[in-house]
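Visitor: take a look and give me a structure for this.
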Amino acid sequence: MKSVKIWNDTPSDQQASQIAARLKAGEIWILPADSIYGIMCDALNPKAVKRVCELKGINPERQHLSVVCSSISMAAEYARIEDHTYQLMKDYTPGAVTFLCRANSSLPKEFKKRKTVGIRIPASETARMIAEKLGNPLLTTSIEFEDDDYARNPELIMESYEGRADGIAMAEDGGTVPTTIIDCTESEPQIVREGEVEIEI
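Guide: Model prediction:
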């Protein structure tokens, strides 16, 4: 399993480009994503998306899939962002918030089974830089852990996912609090899950 040491959650241009190239080739990487580290891949690579779903035990017909975008502009290429959603994104991104939006035709079929996609624009500079270098979103789902140390410590995360993921960007210690989720698919946004960020709607 490859590892790249990221200092202060700010990868060099070369590091971000190298990881993006690995993801473009279909690899799966563990990357920092605000609180809990995430299992990520190129969201436009169907084989990689399938690998992540199988690794995490995700059924796309029953569970929402989420993507990391580098900006609201990138998110708008892959999801329908209404005016009220745009304002919430302006107010709460970058940050640990997932916005459930209607998916559009730019995403693979796995996303269309639920017709929705979770949009994340994380505060983590590592994830955003890699998505920017890749040129499109990253599929993301949080790592699984039984002990908090295996969520926080990148060395232990690497140990846990050895042989299952292809690489890890080892930045600052992770956390255990999930993102706040807002359902923006209807005219009135609704908080689905309260997480790290407090939202006022």
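Visitor: quick check: closest non-adjacent residue to the residue nearest to the spatial centre of the chain.
Guide: Computing the C-alpha centroid of the chain and ranking residues by Cα atoms, centre = their mean puts T140 first, at 3.3 Å. Spatial nearest neighbour of T140, excluding adjacent residues (Cβ to Cβ, 6 or more residues apart in numbering): G38 at 4.2 Å. (C-beta placed from N, C-alpha, C; glycine too.)
Visitor: give me the secondary structure label for I119.
Guide: strand (DSSP: H, G, I helix; E, B strand; the rest coil).
Visitor: for it, the count of nearby residues, please.
Guide: Close neighbours of I119, defined as other Cβ atoms under 10 Å, add up to 28.
Visitor: now do the one 10 residues further on
Guide: Other residues within reach of M129, judged by other Cβ under 10 Å, total 22.
Visitor: confirm it sits in a strand?
Guide: No - assessed with three-state DSSP, M129 is helix; it does not lie in a strand.
Visitor: still on that earlier bit, quick one: secondary structure of the residue nearest to the centre of the chain?
Guide: strand.
Visitor: I168 too?
Guide: What three-state DSSP gives for I168 is strand.
Visitor: measure S73 to K90 for me?
Guide: 12 Å (Cβ to Cβ, to the nearest Å).
Visitor: which residues does V68 bridge with?
Guide: R120, L138 (DSSP bridges).
Visitor: my read: the residue nearest to the centre of the chain touches D42, true?
Guide: No - T140 lies out of contact with D42 (Cβ atoms under 8 Å); the separation is 11.2 Å.
Visitor: circling back: so the residue nearest to T140 touches I30, yeah?
Guide: Yes - between G38 and I30 a contact is recorded at 7.1 Å, counting by Cβ under 8 Å.
Visitor: overlap of the contact sets of these two?
Guide: Common contacts of G38 and I30 (Cβ atoms under 8 Å, 6 or more residues apart in numbering): I143.
Visitor: now G195: how far from A96?
Guide: With Cβ to Cβ as the criterion, G195 and A96 are 6 Å apart.
Visitor: tell me the secondary structure for I157?
Guide: Strictly by three-state DSSP, I157 counts as helix.
Visitor: and if you look at R51?
Guide: Per three-state DSSP, R51 ends up helix.
Visitor: what sits closest to it if chain neighbours are left out?
Guide: Leaving aside its sequence neighbours, R51 sits nearest to I28 (Cβ to Cβ, 6+ apart; 5.7 Å).
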